[in-house]
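# sharing a model that was predicted from the sequence below.
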Amino acid sequence: MGPDDEDPLHAVDPVAAAILLAAGAGVTAVEIDPVLAGALPATVARVAPTRAEQLRVITGDALQLGSADVTPEPTA
């Protein structure tokens with residue numbers, strides 16, 4: 001699986017997410033803290049503006065989410 005695949009890549013920590021974004025992959029981040037979840041898109045836009053659109057943030061408890069909760073919505 002790589003950045004050109006249709007399937008999303010999942011990361012469990014910010015370093016892995018940053019590496020995936022840098023490689024051109026789409027990243028879905030799940031953050032339980034609403035303040036941190038709200039700040040994440042602005043942080044990515046500031047440090048990697050060309051990759052900001054590839055980040056999706058879900059505010060919630062990752063242990064309570066199912067695959068349908070984190071699967072990207074169809075674009076077509």
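Okay, I see it.

# select the longest helix from the chain.
Counting residues, the longest helix found in the chain (DSSP state H) is helix 34-47.

# so for that helix, mean pLDDT?
For helix 34-47, mean pLDDT is 89.

# quick one: strands adjacent to the helix or strand following it?
The helix or strand immediately downstream of helix 34-47 is strand 55-59, counting by DSSP states H and E. For strand 55-59, the pairing partners within the sheet under DSSP bridges are strand 27-31 (parallel).

# for the strand it pairs with, buried residues please.
Judged by neighbour count using 16 or more other Cβ atoms under 10 Å, the buried positions of strand 27-31 are 27, 28, 29, 30, 31. Placement of C-beta: from N, CA and C, glycine included.

# could you find the closest non-adjacent residue to the residue nearest the centre of the chain?
Centroid-nearest residue in the chain, with Cα atoms, centre = their mean: residue 28, separated by 2.4 Å. Spatially, and ignoring its direct neighbours in sequence, residue 28 is nearest to residue 56 (4.6 Å; Cβ to Cβ, 6 or more residues apart in numbering).
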